[in-house]
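Enquirer: Pasting a predicted model and its sequence here:
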Amino acid sequence: MSRKVHVRTFGCQMNEYDSRKMVDILRDRLGFEPTDDAAEADLILFNTCSVREKAQEKVFTDLGRVRELKAARPGVLVGVGGCVASQEGAQIVARAPHVDLVFGPQTLHRLPDLIARRVDSGQAQVDVSFPEIEKFDHLPPARAEGPTAFVSVMEGCSKYCSFCIVPYTRGEEVSRPLEDVLTEVAELAARGVREVTLLGQNVNAWRAPLDGVEEGDFTLLLECVADIPGIERIRYTTSHPREFGPRLAEAHARLPALAPHVHLPVQSGSDRILAAMKRGYTALEYRSIVRRLRSARPDISITSDFIVGFPGETEEDFERTMALAADLRFDGSFCFMYSRRPGTPAAALPDDVPDVEKRRRVQALQALVDGHAAEISRSMVGRRERVLVTGRSRRRASELAARTGNNRVVNFPGAERLVGQFIDLRITEALAHSLRGEPMTTEPACSLDEDPA
């Protein structure tokens, strides 16, 4: 009987990718199978995020719950990975002595060895070193589960924004070699993947040496991925405005496979706050990037991130952020209240915006952006949309779900043989968090249980 592993993931899509790789490594090397039920697991892993204070504290809350489970089943191993592991290291074991393994994002490939050492020694194992790109050389072959997949193309961040802990928990920017990325994408395409999302903390900072003199940029990587047979749509996240040059914007006009959607965090519309955040651009420069993107691809959807209540943010600063959001009409956003992260430069600044004011500002900004997103959804009604059918609908088991180029879920009636295919739908209704559509085809409607033979 195989052993089982339960992975709880917090935070970004990079963590989602890493969690999948943890499962792949443990399955291939130790025979573990994944389970959604922590109570039946032999190994419980928390893949953590330290970007927000609440996410970090939630990990320790969950670890407290697992203590009782481990008391009942002493053989269960508990591990903490990800950014909180990198930040706290052995302090996690000091705070939660029932933790057996602590490992960073760059050492997840060493999990089997850490488990073996924990079993042999009876002592907790901690490895939060930064062996750069080593982990990618030790990962098992790409595994596909459905028509979409994430592919990590780089690790770390070298921007050192004053509020952000990521450079200290994931290390400096390191790009995967071009050949390695293309090999993984080609393997996924051979297994039926039709859409890939390229991942990185600053994904558009990817660079690769070509001939010892010239250097390949992220646009070159996109061009190469677009040439891989079977890959029909490419997404990427998260981009940094400092790396978003004209070549990348123009690629959205030249490469049909590039999804008409870019997530481009701005954080603030105030130049004074952007400078304090050490973002490296002005609001005008950010607006210029958006103009170039919309010139290259008029139907492009642009989403963003905001931090509200950064130390020293005045009402005038916030109004500049509101003005930028109103002018650029984002198609969605993640709005966060600033929280001090120990170890970052901003932690030394007085957190002088009251929580009640932060909350008011977040709600006002999110409402503004949500209103724009709802308008965009309504404008799609009646339009023809090319969508990738991803599986059964969560709303109705008798229907299918698909995703549009601008990253919206569409539920529609259709036959299960359509899963994994790109089809054309006519959008018939815009709901709060999804769309409804109908296939633009002359074939008769079929139920999901129909035998296509």
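Expert: Received, thanks. Numbering: from 1, shown residues only.
Enquirer: ok, and the closest non-adjacent residue to residue 165?
Expert: Nearest-residue entry for residue 165: residue 341, 4.6 Å, with adjacent residues in sequence omitted and distances by CB to CB, 6 or more residues apart in numbering. To be clear about C-beta, it is placed using only N, CA and C from the backbone, and glycine gets the same treatment.
Enquirer: Now do the SS call for the one you found.
Expert: Using DSSP: H, G, I helix; E, B strand; the rest coil, the structure places residue 341 in coil.
Enquirer: Quick check on it: phi, psi?
Expert: phi -110, psi 120 (degrees, to the nearest 10).
Enquirer: From what I see, it and residue 161 are in contact.
Expert: No: counting by CB atoms under 8 Å, residue 341 sits too far from residue 161 to count as a contact (10.7 Å).
Enquirer: list the contacts for residue 362?
Expert: The contact partners of residue 362, by CB atoms under 8 Å, 6 or more residues apart in numbering, come to 308, 309, 335, 336, 337.
Enquirer: rerun at 6 Å
Expert: For residue 362, the contact set (CB atoms under 6 Å, 6 or more residues apart in numbering) comprises 308, 335, 337.
Enquirer: now, which of these sits nearest residue 261?
Expert: Closest to residue 261 out of those is residue 335 (18.5 Å), distances taken as CB to CB.
Enquirer: and that closest one, how many neighbours does it have?
Expert: Using other CB atoms under 10 Å, residue 335 is surrounded by 21 other residues.
Enquirer: Convert the C-alpha atoms of the strand or helix carrying it to CSV, please.
Expert: Here residue 335 sits within strand 333-337, counting by DSSP states H and E. The C-alpha coordinates for strand 333-337 follow below in CSV (Å, rounded to 0.1, in the frame of the first residue of the first chain):
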residue,chain,number,x,y,z
SER,A,333,-6.9,43.6,-9.5
PHE,A,334,-5.5,42.3,-6.2
CYS,A,335,-5.7,45.1,-3.7
PHE,A,336,-3.8,44.6,-0.4
MET,A,337,-3.5,46.6,2.8
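Enquirer: Sheet partners, orientation included, of it?
Expert: strand 301-308 (parallel) (DSSP bridges).
Enquirer: Can you name the next helix or strand after the strand it pairs with?
Expert: Heading C-terminal from strand 301-308 (DSSP H and E), you reach helix 315-328.
Enquirer: tell me which residues of that following helix are tucked away?
Expert: Judged by neighbour count (16 or more other CB atoms under 10 Å), helix 315-328 contains these buried residues: 317, 318, 320, 321, 322, 324, 325, 328.
Enquirer: before we move on, what about stretch 371-385?
Expert: By neighbour count on 16+ other CB under 10 Å, the buried set for stretch 371-385 is 372, 373, 376, 377, 380, 385.
Enquirer: avg pLDDT for that stretch?
Expert: Mean pLDDT, stretch 371-385: 98.
Enquirer: again, but for stretch 421-434
Expert: Across stretch 421-434, pLDDT averages out at 96.
Enquirer: cool, stretch 267-283 as well?
Expert: The average pLDDT within stretch 267-283 is 98.
Enquirer: tell me how far the ends of that stretch are from each other?
Expert: End-to-end distance for stretch 267-283, by CA to CA, to the nearest Å: 10 Å.
Enquirer: Tell me which residues are up against it.
Expert: Residues outside stretch 267-283 that contact it (CB under 6 Å, 6+ apart) are 161, 162, 163, 241, 242, 307, 310, 313, 317, 320, 321, 324.
Enquirer: Surely the third one and residue 345 touch.
Expert: By that I understand residue 163. No: in this structure, residue 163 is not within contact of residue 345 by CB atoms under 6 Å, at 8.1 Å.
Enquirer: out of the buried residues of helix 315-328, what pair is the most spread apart?
Expert: 317 and 328 (17.0 Å).
Enquirer: All the helices of this protein, residue numbers only.
Expert: 13-30, 53-72, 83-88, 91-95, 111-121, 166-170, 178-190, 218-226, 246-254, 271-277, 283-296, 315-328, 355-379 (DSSP state H).
Enquirer: Go through those helices and pick out the most buried.
Expert: Among those, helix 83-88 has the highest mean neighbour count (mean count of other CB atoms under 10 Å), at a mean of 25.
Enquirer: what's it packed up against?
Expert: helix 166-170 (3 or more CB pairs under 6 Å, 6 or more residues apart in numbering; DSSP states H and E).
Enquirer: How far away from the center of its chain is the helix it packs on?
Expert: The gap between where helix 166-170 is centred and where its chain is centred comes out at 16 Å by CA atoms, centre = their mean, to the nearest Å.
Enquirer: let's number from 556 now, not from 1
Expert: All set: I'll call the first residue 556, so the last point we hit is now helix 721-725.
Enquirer: how far away is residue 641 from residue 685?
Expert: 8 Å (CB to CB, to the nearest Å).
Enquirer: Same question for residue 624.
Expert: With CB to CB as the criterion, residue 624 and residue 685 are 32 Å apart.
Enquirer: hmm, back to that, will you turn the buried residues of helix 870-883 into TSV that also has distance to residue 807 and pLDDT?
Expert: Below are the buried residues of helix 870-883 laid out as TSV (distance: CB to CB, whole Å; pLDDT from 0 to 100):
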residue	distance to residue 807	pLDDT
872	31	98
873	31	98
875	27	98
876	25	98
877	27	98
879	21	98
880	22	98
883	16	98
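Enquirer: and those as TSV, adding distance to residue 649?
Expert: TSV is the format used below for these (distance: CB to CB, whole Å):
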residue	distance to residue 649
872	40
873	40
875	44
876	40
877	44
879	44
880	43
883	46
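Enquirer: just curious, which of those is nearest to residue 915?
Expert: When those are compared for distance to residue 915 (CB to CB), residue 873 comes out closest, at 9.5 Å.
Enquirer: How confident was the prediction at the nearest residue to the closest one once chain neighbours are set aside?
Expert: Take residue 873 and drop its neighbours on the chain: the residue closest to it by CB to CB, 6+ apart is residue 916, 5.2 Å away. On pLDDT, residue 916 comes in at 98.
Enquirer: likewise residue 766?
Expert: Note on residue 766: pLDDT of 69.
Enquirer: count of neighbours near the nearest residue to residue 980 once chain neighbours are set aside?
Expert: Among residues not flanking residue 980 along the chain, residue 992 sits closest, at 3.7 Å (CB to CB, 6+ apart). Applying other CB under 10 Å, we find 27 residues neighbouring residue 992.
Enquirer: And the one 3 residues further on, by the same measure?
Expert: Neighbour count for residue 995, taken as other CB under 10 Å: 11.
Enquirer: got a list of what the residue nearest to it when sequence neighbours are not counted touches?
Expert: Leaving aside its sequence neighbours, residue 995 sits nearest to residue 979 (CB to CB, 6+ apart; 4.4 Å). Neighbouring residues of residue 979 by CB under 6 Å, 6+ apart: 939, 941, 995.
Enquirer: do the same with residue 611
Expert: Going by CB under 6 Å, 6+ apart, residue 611 touches 605, 639.
Enquirer: so what's the closest residue to residue 732 other than its chain neighbours bridging to?
Expert: Nearest non-adjacent residue to residue 732, counting by CB to CB, 6+ apart: residue 763, 6.2 Å away. Taking DSSP bridges as the rule, residue 763 bridges to residue 771.
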